[in-house]
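Participant: The following comprises the amino acid sequence and a computationally predicted model.
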Amino acid sequence: MSTHTDDQLATEPTAQPTSAVANRRRFLFGGGALAAGAILAACGDDDDDEPATTTAAGGADDDGTTPTTAADGGGDASADQGIAMFAASLELLAVSTYQAALDAAGSGALGEVPDAVAEFVTTARDQHQAALDAWNDAIVSGGGAEVTEPPAELAATVNAQFAEVSDVTGAAELALLLEQTAGATYLDVIPQIQGEAARALAGSIYPIAQQHAAILLFVLGMYPVPDVFVQTTLSAAP
Amino acid sequence: MRLDDARLRDLIVESQDLQADALRDTKTSLGTLRDIGASRRGQPIDLDRARRFNSDRRRLLRNGGYGMGALAARGMLATGIGAAVTAIVARPAGAQEDLDVSILQTAASLENLAVATYGAALSLPGFDANAVVVAFAETTMMQHDEHSGAFNAQAEALGGMAQNEPNPVLAPTVEAAKASLVGADGNADYAAIVELAAMLEEVAGDTYLANLTMLSDSESVSLMASVQGVEVQHLAVLRAVGALLAGGAPELIAIPTDVAALPAAAGSVAFPEPFEADDMARDAQEGAVQ
């Protein structure tokens, strides 16, 4: 067991950022996925003369209809943009929460922090940052504005709970809630996403949140794969 | 090996109770799907045709000026052209419908293979050395069986048949690998079993990831994603267990475990990349009922 200081946490070698960037690029530019600029732009705004919007709320086509097929690559660019923005805001909340946990660990506020927990928090923060970057790349390339704020209501809840955290167990429980919320939210929105590339991006991020949750359950002494089917009960999707 | 067996069983039972709600939701969607399936025709499957159809449909909507919004703006939805375009958008090609069934059958074939593999592992001499490993194998086998049932129910609701056989392409490979699952001492080789199981879980997860953009039926997408999220958790656990075995710390494969004794790598080995890729995805049709 060891207690990590700010310096240790800041200087611990990790290949994650490089790996994250490389993997994100592989995803965005290879493997059949569309380039970042096409993720949301390719979602099929019916009127090519209209710029993509950056409103967060989803919606129907401009004639009021909702496409009935799931992955037809057509669909509603503004709705996909709204989902992307919410996903980005959720990732931002995860990044800031994990960073706060690292800061608290560095100050000694969480007591002794096991090596595996410190490694988990650092890795999870970096992976959520990579997800945030991917969504923001897609949003900006689609004509929207980069997301820089977490979802206000959820952030208030998380911040209030974080204020009560005084040890590693409490931090892990809060992290578990965040990861389960992220997983449920992605599960909820994936069928709603009309653009193939945007859906593929969501589908590639969602498993990582699920895996984070499994390891947190294990660390907390619970069975790591409790669900036969993932549920949307904890979805934060608007 | 340490194990709070009663606690573990309680946790599993608790999770199974929670799943009753999810299963009810899945069954609710089946009624709707059966209605859809009853109206669908059996057609020879042609992936290229389905993809061409969808590509053409996108092109029509995006570039031809006949998008739904454009049609509405021009007051043409009620015209013959508008009706034709509306029909194309609302109703996928028969080939695409059958592709959905094939995808679901292939998914069921992967689940059946997983059930058979975990079952084979559980029957190996010495597999019961670690009670947590046994509980994981039993629970995971049951979960895969539930997944197979759900995929088959969905395939049948869409007018297809249930796939009750293991994946025909991978099954021989797994069969051949079984010989290596027993160590020189005649007992189950946990490391080899974990490696094989992890491969199957990754194949399933990657296949379901790829399927998310190939399925046309949104209920099937929801089911596929729901199961994908569970397979990747199986994979995460197997990666962690494999690392603990490789690191010479099998005593830490316990619930609850000694968190303070876990090596730092235990905090990251289960998710080596920030994005899951579909590089191990199987062909969507290879497990279809012939």
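Facilitator: Arrived safely. Residues are numbered from 1 along each chain as shown, chains lettered A, B, ... in the order given.

Participant: For the stretch 51-200 of chain B, just list every one of the helices.
Facilitator: Assigned by DSSP state H, counting those that start in this stretch, the helices in the stretch 51-200 of chain B fall at B:68-73, B:80-90, B:94-122, B:131-157, B:171-177, B:190-211.

Participant: Which of those helices sits closest to chain A?
Facilitator: helix B:68-73 (3.4 Å; CB to the nearest CB). The C-beta positions use only the backbone N, C-alpha and C, and glycine is treated the same way.

Participant: Check the model's average confidence along the closest one for me.
Facilitator: Averaged across helix B:68-73, the pLDDT comes to 41.

Participant: now do stretch A:124-142
Facilitator: Mean predicted confidence for stretch A:124-142 is 97.

Participant: I figured A:Leu216 was touching A:Ala175, is that so?
Facilitator: Yes. A:Leu216 is within contact range of A:Ala175, at 5.7 Å (criterion: CB atoms under 8 Å).

Participant: Scan the helices and strands of chain A for the one with the lowest mean pLDDT.
Facilitator: helix A:6-11 (a mean of 31; mean pLDDT, DSSP states H and E).

Participant: which stretches of the chain have low pLDDT?
Facilitator: Picked chain A for this. Applying pLDDT under 70 to chain A flags residues A:1-38, A:41-75.

Participant: Let me rephrase: I mean chain B.
Facilitator: For chain B, the ranges with pLDDT under 70 are B:1-97.

Participant: got the buried residues for stretch B:156-167?
Facilitator: B:Glu156, B:Ala157, B:Leu158, B:Gly159, B:Gly160, B:Ala162, B:Gln163, B:Glu165, B:Pro166, B:Asn167 (16 or more other CB atoms under 10 Å in any protein chain shown).

Participant: Save the residues you listed as JSON lines, and put in distance to chain A too.
Facilitator: Output for the buried residues of stretch B:156-167, formatted as JSON lines (distance: CB to the nearest CB, whole Å):
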{"residue": "B:Glu156", "distance to chain A": "18"}
{"residue": "B:Ala157", "distance to chain A": "15"}
{"residue": "B:Leu158", "distance to chain A": "13"}
{"residue": "B:Gly159", "distance to chain A": "17"}
{"residue": "B:Gly160", "distance to chain A": "17"}
{"residue": "B:Ala162", "distance to chain A": "18"}
{"residue": "B:Gln163", "distance to chain A": "19"}
{"residue": "B:Glu165", "distance to chain A": "22"}
{"residue": "B:Pro166", "distance to chain A": "20"}
{"residue": "B:Asn167", "distance to chain A": "20"}
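
Participant: can you tell if stretch B:260-276 touches chain A?
Facilitator: Yes. Using CB under 8 Å from any CB of the partner chain, stretch B:260-276 comes into contact with chain A via B:260, B:262-268, B:270-276.

Participant: Give me the buried stretch members for that stretch, please.
Facilitator: B:262-271, B:273-276.

Participant: Nearest to A:Pro191, out of those: which one, please.
Facilitator: Nearest to A:Pro191, judged by CB to CB, of these is B:Glu276 at 17.8 Å.

Participant: tell me the phi and psi of the closest one?
Facilitator: phi -80, psi 130 (degrees, to the nearest 10).

Participant: Just confirm it contacts B:Asp206, I think it does.
Facilitator: Yes. With contact defined as CB under 8 Å, B:Glu276 counts as touching B:Asp206 (7.2 Å).
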